[in-house]
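Q: quick one, structure for this:
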Amino acid sequence: MKILVAVDKNPETFVGLRYACHLLENTDARVDALHVKPALTEIAAETYAPFVTKDGLENAIEADVQEVENEFREECRPCVNSNIPCSLQVAEGDPADEILNVAQTDGYDMIVLGSHEQSFLRGLLLGAVHAKILHYANQPVLIVRRFREIGSVLVVYRGSKSDEAALRFAAPLLAHRRAEVTLLHVQETGTSESDEFARSSLQQGAQILRELDIEPLTKITKGELVEEILKDVAVHRYDLVVLGAYGRNSPRYLNLISDEALNLARLTTRPILVYRDKAEQK
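A: Numbers count the residues shown, from 1 in each chain. This is a model prediction of the structure:
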């Protein structure tokens, strides 16, 4: 498994790298960090004031790259200690575009995003970079605000193909971590979903986990999807939330994640894995 972690000069963005190393500890994985530096022709001089000359701006940008390289050497140690290859790449341009391009071109299996309000990955509640990557990625996206050791995981399971794919993607990692897994099915307000369908969905998800010797807890609630998830997270304080980008219906023409998945990514402070896949784009 190849993981791409976006970082920048703010140390807080490296929480994604630490979390990825923790999640993949002692697995057959590779973790690469990507720093996207701004193109000199596309930035305002004020961004790097008082370096208003061309040479001054170039030197300031390269100093930022050096900061990232120094921080990377420190933060990648958990991966190195777990025998996980870990390297840093530097690209230039628009952060979201470059992250998406590298992830697709080099065949990465997941994108990991940390956050800090002053970074190019700014705004996790949600910034433009995160939202664009969530919308257009061809692979799962893991967003990490704070590092948490993985002991308990919530998997939102609505019985959709997207949620099933999310579970099959995450299950081997959860089995390796020996995490306690809870499957949550929300019977959404305004739908005519039967109790029988809800129970059947959970049985289907539980069987996928049992194939990897994980015996999950199961829950059924009724209400608005995001609200019910957030309530459960607030009570049980999970260390990771997993869900598919879509419920039972996916958009036919636009490559956009569901409002529920996007809102949940905006509102929870827990690490959240939103499953995207190139097959969804067809």
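
Q: the stretch 101-250 of the chain: strands as residue ranges?
A: All strands of the stretch 101-250 of the chain, identified by DSSP state E, counting those that start in this stretch, fall at 110-113, 141-143, 152-156, 180-188, 217-223, 240-244.

Q: okay, those strands in a markdown table with mean pLDDT and distance to Val80 next?
A: Every residue, glycine included, has its C-beta placed from N, CA and C. Output for the strands of the stretch 101-250 of the chain, formatted as a markdown table (pLDDT from 0 to 100; distance: least, CB to CB, whole Å):
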| stretch | mean pLDDT | distance to Val80 |
| --- | --- | --- |
| strand 110-113 | 96 | 17 |
| strand 141-143 | 94 | 20 |
| strand 152-156 | 96 | 25 |
| strand 180-188 | 94 | 28 |
| strand 217-223 | 95 | 35 |
| strand 240-244 | 95 | 23 |
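
Q: name the SS class of Leu262, please.
A: Classification of Leu262 using DSSP: H, G, I helix; E, B strand; the rest coil returns helix.

Q: and for it, the neighbour number?
A: Residues lying near Leu262 (other CB atoms under 10 Å) number 19.

Q: that one against Leu134, yeah?
A: Yes - assessed by CB atoms under 8 Å, Leu262 is found in contact with Leu134 at 6.4 Å.

Q: ok, back up a step: who wins for proximity to Asp277 among the strands of the stretch 101-250 of the chain?
A: Asp277 lies closest, by CB to CB, to one member of those: strand 240-244, at 9.1 Å.

Q: what lines up beside that closest one in the sheet?
A: If you go by DSSP bridges, strand 240-244 pairs up with strand 152-156 (parallel), strand 272-275 (parallel).

Q: which of the ones you listed is buried the deepest?
A: Ranked by mean neighbour count under mean count of other CB atoms under 10 Å, those are led by strand 272-275, which reaches a mean of 26.

Q: CA-only coordinates of it in CSV, if you can.
A: What follows is the C-alpha trace of strand 272-275 in CSV, where atoms were taken according to Å, rounded to 0.1, in the frame of the first residue of the first chain:
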residue,chain,number,x,y,z
ILE,A,272,-12.0,10.7,9.3
LEU,A,273,-11.4,8.3,6.3
VAL,A,274,-13.7,9.1,3.4
TYR,A,275,-13.6,6.3,0.8
